[in-house]
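Q: What follows is a predicted protein model with its sequence.
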Amino acid sequence: GFRVLVAGSRAFADYPRLRAALDALLVNRLPAVELLTQGGPGVPMLAASYAAERRLHVSALLPNFDRFPADASERRDKQLVEAADAAVIVLGACD
C-alpha cells in the first residue's frame with residue numbers, strides 16, 4: 001500500500017480539520033493506505049483515530065531511548081521518513 005507519514009504538533013486537537021484534510025489528500029489512494037506516526041498525543045493520536053475510523057493500518061514508531069539515549073528521536077524520525085511514500089505535516093496548535 002501507499003505509506004503516508006502524518007506528523008505534527010502534540011498540542012493540535014482539531015480532529016475534524018485533520019480528517020477533512022486527510023480525506024481530501026488521500027481520496028485517490030483510499031483504502032490502500034497505511035499511516036505512519038511517531039506515537040503519542042496530538043497529531044499522532046488523531047492520525048491513529050483517523051486510521052481506525054477509515055479501517056486503515058497504522059504504524060507508530062516510538063524512539064528507542066534504551067538503545068540510542070542521545071539521538072533516539074532523530075533515528076526514529078529518519079526511519080519514518082525513509083519508510084514513507086508521502087508525508088502530511090500538520091502545522092498549528094489547537095484552535
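A: Now that the structure is in, tell me what you want to look at.
Q: Identify each buried residue in the longest strand seen in the chain, please.
A: Longest strand of the chain, by residue count under DSSP state E: strand 2-8. Across strand 2-8, burial judged by 16 or more other Cβ atoms under 10 Å covers 3, 4, 5, 6, 7, 8. C-beta: built from backbone N, CA, C; applies to glycine.
Q: Next: stretch 62-82.
A: So stretch 62-82, judged by 16+ other Cβ under 10 Å, has buried residues 63, 76, 77, 80.
Q: which of those residues lies closest to residue 21?
A: Of all the buried residues of stretch 62-82, residue 80 has the smallest distance to residue 21: 18.9 Å, by Cβ to Cβ.
Q: Look at that closest one and report its pLDDT.
A: In this prediction, residue 80 carries a pLDDT score of 98.
Q: list the contacts for the residue nearest to residue 77 when sequence neighbours are not counted?
A: For residue 77, ignoring the flanking residues on the chain, the nearest one in space by Cβ to Cβ, 6 or more residues apart in numbering is residue 38 at 7.2 Å. By Cβ atoms under 8 Å, 6 or more residues apart in numbering, residue 38 lies in contact with 7, 44, 60, 61, 62, 76, 77, 80.
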